[in-house]
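> need a structure here:
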Amino acid sequence: MTTTGDRPMRADARRNYKRLLGEAKEAFLEHGAEAPLEDIARRAGVGIGTLYRHFPTRLALQAAVYQDQVDELCVKAYELLRTGPPGDALAAWMRAFAEYATSKRGLMQTLKEVIDVRSDLFDRCHDEIRGAAAAVLVPAQEAGNVRPEVTVTDLLRLTHGLSVATQHAPETADRLLSYLIDGLRPPH
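Have a look, this model is predicted:
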């Protein structure tokens, strides 16, 4: 959010917005989706009025955090492609996606309870994540690192399933993800 109505947001307002989003992410991770808004404002170094000016409701803040995290995950896919080989980029993005899925479960459940699952927010985020997954999957397939029959849906379901399976044993996630990545490789 860089505008207020038709005007660009002032620099101090942009900083406050970013700090509030960052602190809300941390608070939701630590205390769940019902983290006290007053604590979020205090941690961001602003008053509660500033929080409500940017996010008029708890739901608006939760939705903004969710969208911001999806944006970060998607940007990461393209950054990884620019900085490493396709197979490594895919593996790193799968790790990031699994971590994202594990850490956002409570926030997602809260949002799904109060927002129609077919809302613009969920549709847009779903499309963005599918696009990012395709961006890392296709080059890995073209490089021969991944079986050609693996689809974006396969990749997302497998990685999400792994995050669910390791929710209560996160120390096993990396090892299991390495098995999953090995299973995506074409047979020799």
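> After the lengthiest helix in the chain, heading C-terminal, what element do we hit next?
Among the segments of the chain that qualify as a helix by DSSP state H, the longest is helix 58-83. Downstream of helix 58-83, the next assigned helix or strand under DSSP states H and E is helix 86-103.
> what comes up buried for the longest helix of the chain?
Neighbour-count burial for helix 58-83, counted by 16 or more other CB atoms under 10 Å, picks out 58, 61-70, 73-74, 76-77, 80-81. For every residue, glycine as well, the C-beta is placed using N, CA and C.
> other SSEs contacting it?
helix 11-31, helix 37-44, helix 86-103, helix 105-114, helix 120-142 (3 or more CB pairs under 8 Å, 6 or more residues apart in numbering; DSSP states H and E).
> Alpha carbons only: can I get stretch 16-26 in PDB?
Taking C-alpha atoms only, stretch 16-26 is exported to PDB below (Å, rounded to 0.1, in the frame of the first residue of the first chain):
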ATOM      1  CA  ASN A  16       4.900   3.000   9.800                       C
ATOM      2  CA  TYR A  17       2.900   0.800   7.400                       C
ATOM      3  CA  LYS A  18       5.900  -1.500   6.800                       C
ATOM      4  CA  ARG A  19       6.800  -1.600  10.500                       C
ATOM      5  CA  LEU A  20       3.200  -2.500  11.400                       C
ATOM      6  CA  LEU A  21       3.200  -5.300   8.800                       C
ATOM      7  CA  GLY A  22       6.500  -6.600  10.100                       C
ATOM      8  CA  GLU A  23       5.500  -6.600  13.700                       C
ATOM      9  CA  ALA A  24       2.000  -8.100  12.900                       C
ATOM     10  CA  LYS A  25       3.700 -11.000  11.100                       C
ATOM     11  CA  GLU A  26       5.900 -11.700  14.100                       C
END
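> still on that earlier bit, give me whichever of the helices and strands packed on helix 58-83 is most buried.
Most buried of those, by mean neighbour count (mean count of other CB atoms under 10 Å): helix 86-103, with a mean of 21.
> quick check: domain ranges of the chain?
1-56, 63-188 (automatic domain parsing).
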